[in-house]
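> Structure here, sequence nowhere to be found:
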């Protein structure tokens, strides 16, 4: 699961153990899931002061703040690297041009949502090359 620790969460549930709500989180940290699971019975016995028909104790995995931050940086870099070509094309075609913004938005959405993941970037690349050639041809007429 990656770097982190485990804590015990006390859940208050309706009759039959359904629709549980977290009512407390114990401050003790455990290095492994096995250590945490071994301590759940004692934690449940010590925390019976909640007004619910059923109380449960579950181990929850918590990650260190540094690991979460590094995950965010990794996802951000991945996003930037995926959209860098289209962002560069947006600068070429005009950053404030609404048509260019709409086309780049459609291209990014198509890359993310269409099922044929390998074909979409190829089609977008061909369209961008053709648009570039049209710009070159248009500027040579001047």
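Happy to help now that I have it. Predicted model, so just to flag it, every value in this text is computed and none were measured. Numbers count the residues shown, from 1 in each chain.
> Can you give me the buried ones in the longest helix belonging to the chain?
When every helix of the chain is counted residue by residue (DSSP state H), the longest turns out to be helix 65-93. If you call a residue buried by 16 or more other Cβ atoms under 10 Å, then helix 65-93 has these buried ones: 83, 86, 89, 90, 93. Placement of C-beta: from N, CA and C, glycine included.
> CSV please, covering the residues you listed and showing pLDDT.
Below are the buried residues of helix 65-93 laid out as CSV (pLDDT from 0 to 100):
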residue, pLDDT
83, 82
86, 87
89, 85
90, 86
93, 81
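> Which single one of these is nearest to residue 57?
Each of the buried residues of helix 65-93 was checked against residue 57 using Cβ to Cβ; the closest is residue 83, at 44.2 Å.
> Spell out the secondary structure type for residue 61.
Assigned by DSSP: H, G, I helix; E, B strand; the rest coil, the conformation of residue 61 is strand.
> wait, I meant residue 104
Taking three-state DSSP, the label given to residue 104 is helix.
> now do residue 96
Going by three-state DSSP, the secondary structure assigned to residue 96 is coil.
> Can you give me the neighbour number for it?
Per other Cβ atoms under 10 Å, the neighbour tally for residue 96 reads 7.
> how near is it to residue 116?
Remark: distance between residue 96 and residue 116 (Cβ to Cβ, to the nearest Å) = 32 Å.
> Equivalent analysis for residue 78, please.
The spacing between residue 78 and residue 116, counted by Cβ to Cβ, is 20 Å.
> Give me the pLDDT for the residue nearest in space to the middle of the chain.
Centroid check for the chain by Cα atoms, centre = their mean gives residue 75 as the closest residue, at 7.7 Å. Among the per-residue scores, residue 75 holds a pLDDT of 88.
> so what does the longest helix of the chain touch, helix or strand wise?
Helices and strands touching helix 65-93, as assessed by 3 or more Cβ pairs under 8 Å, 6 or more residues apart in numbering; DSSP states H and E, comprise helix 98-113, helix 119-140.
> Out of these, indicate the one that is most buried.
helix 98-113 (a mean of 14; mean count of other Cβ atoms under 10 Å).
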